[in-house]
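**Student:** pasting the structure only:
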């Protein structure tokens, strides 16, 4: 297998400032996570998922099939230090790679809980 599923929910989504890092990837379609995550805005620059045992919600995003080379060379180098690569659960029970909040990052200044909204919806609420 030379490609994997990658869930994106922020700037790498269609129209976002990091979407060019997925140029050549196969767009699978819109998806949601399982209802096991809190969703945060970090300084209103990018979002982050954080897995929780209770009080989680499904988070909307997009699913892509990406090569390991694309992930390694194009997407991961542009991700912010507050995020790390992990495995998440999608609404249908399948797993996917995704960027997640690093341990302790949710307690940093400028981090706001936006659970219940998608990233694009949240950005629109700021204007």
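**Tutor:** Yep, it's here. Computed from a prediction, not measured in an experiment: that's the story for all the values here.

**Student:** list the helices and strands the longest helix belonging to the chain packs on?
**Tutor:** Using DSSP state H to define each element, the chain has its longest helix at helix 119-125. Contacts defined by 3 or more CB pairs under 8 Å, 6 or more residues apart in numbering; DSSP states H and E place helix 119-125 against strand 37-42. For glycine as for every other residue, the C-beta is placed from the backbone atoms N, C-alpha and C.

**Student:** who's in contact with the strand it packs on?
**Tutor:** Contacts of strand 37-42 with the rest of the structure, by CB atoms under 8 Å, 6 or more residues apart in numbering, involve 9, 47-52, 55-59, 80, 82, 88, 101, 105-106, 108, 110-117, 119, 122.

**Student:** okay, now residue 106: neighbour count?
**Tutor:** By other CB atoms under 10 Å, the residues close to residue 106 number 16.

**Student:** now it: closest residue in space that isn't a chain neighbour?
**Tutor:** residue 50 (5.4 Å; CB to CB, 6 or more residues apart in numbering).

**Student:** ok, what's across the strand from that neighbour?
**Tutor:** residue 38 (DSSP bridges).

**Student:** hmm, residue 102 and it touching each other?
**Tutor:** No - because the distance of 9.6 Å does not satisfy CB atoms under 8 Å, residue 50 is recorded as not touching residue 102.

**Student:** these two - which one has more neighbours?
**Tutor:** In this view residue 50 and residue 102 are compared by other CB under 10 Å, and residue 50 has more residues nearby, 19 against 16.

**Student:** measure the more buried one to residue 113 for me?
**Tutor:** When CB to CB, to the nearest Å is applied, the distance between residue 50 and residue 113 equals 9 Å.

**Student:** check residue 124 too.
**Tutor:** Going from residue 124 to residue 113 by CB to CB gives 18 Å.

**Student:** swap in residue 8?
**Tutor:** 20 Å.

**Student:** which one's more surrounded, those two?
**Tutor:** In this view residue 8 and residue 113 are compared by other CB under 10 Å, and residue 8 has more residues nearby, 27 against 12.

**Student:** for that one, give the beta-bridge partners.
**Tutor:** Counting by DSSP bridges, residue 8 forms beta bridges with residue 62.

**Student:** ranges for the helices of the protein?
**Tutor:** 68-70, 119-125.
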